[in-house]
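Asks: sequence? don't have it. structure:
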């Protein structure tokens with residue numbers, strides 16, 4: 001999913017081809033992005049340009065095996081107890097550069 005462009009594509013076993021997932025459909029679900037490898041449950045509609053998700057019902061993040069022998073990068077280390085969490089929304093994220101910005105509420 002590309003937040004900058006406002007859409008992404010998902011594969012679906014029940015549909016021949018990719019399914020377009022638009023930002024507006026995600027926002028109606030209360031999300032602004034989907035991580036790569038996540039499982040998404042949605043209703044699909046056939047359009048003249050292909051298949052498009054029309055309603056999202058669930059998003060399950062990709063599985064992360066925390067028991068691997070490799071050392072995890074710093075940003076994936078457990079958060080210390082007592083660390084405050086702030087609600088925020090991703091403003092943009094550049095996958096190629098590996099960083100982005102978020103707006104805290």
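Replies: Arrived safely. Just so it is clear, the structure is predicted and the values come from calculations on it, not from any experiment.

Asks: When you work out contacts or count neighbours from here on, use the C-alpha atoms and nothing else.
Replies: Will do.

Asks: Identify all contacting residues around stretch 87-100.
Replies: Stretch 87-100 has contacts (C-alpha atoms under 8 Å, 6 or more residues apart in numbering) with 3, 4, 32, 101, 102, 103, 104, 105.

Asks: what comes up buried for that stretch?
Replies: residue 93 (16 or more other C-alpha atoms under 10 Å).

Asks: quick one: terminal-to-terminal distance for it?
Replies: 16 Å (C-alpha to C-alpha, to the nearest Å).

Asks: what helix or strand is residue 92 on?
Replies: Secondary structure from DSSP states H and E places residue 92 in strand 88-94.

Asks: how far out from the middle of the chain is that strand?
Replies: 11 Å (C-alpha atoms, centre = their mean, to the nearest Å).

Asks: Could you identify the helix or strand that succeeds it?
Replies: Next helix or strand after strand 88-94 toward the C-terminus (DSSP H and E): strand 99-104.

Asks: what are the pairing partners of that following strand, and which direction each?
Replies: If you go by DSSP bridges, strand 99-104 pairs up with strand 88-94 (antiparallel).
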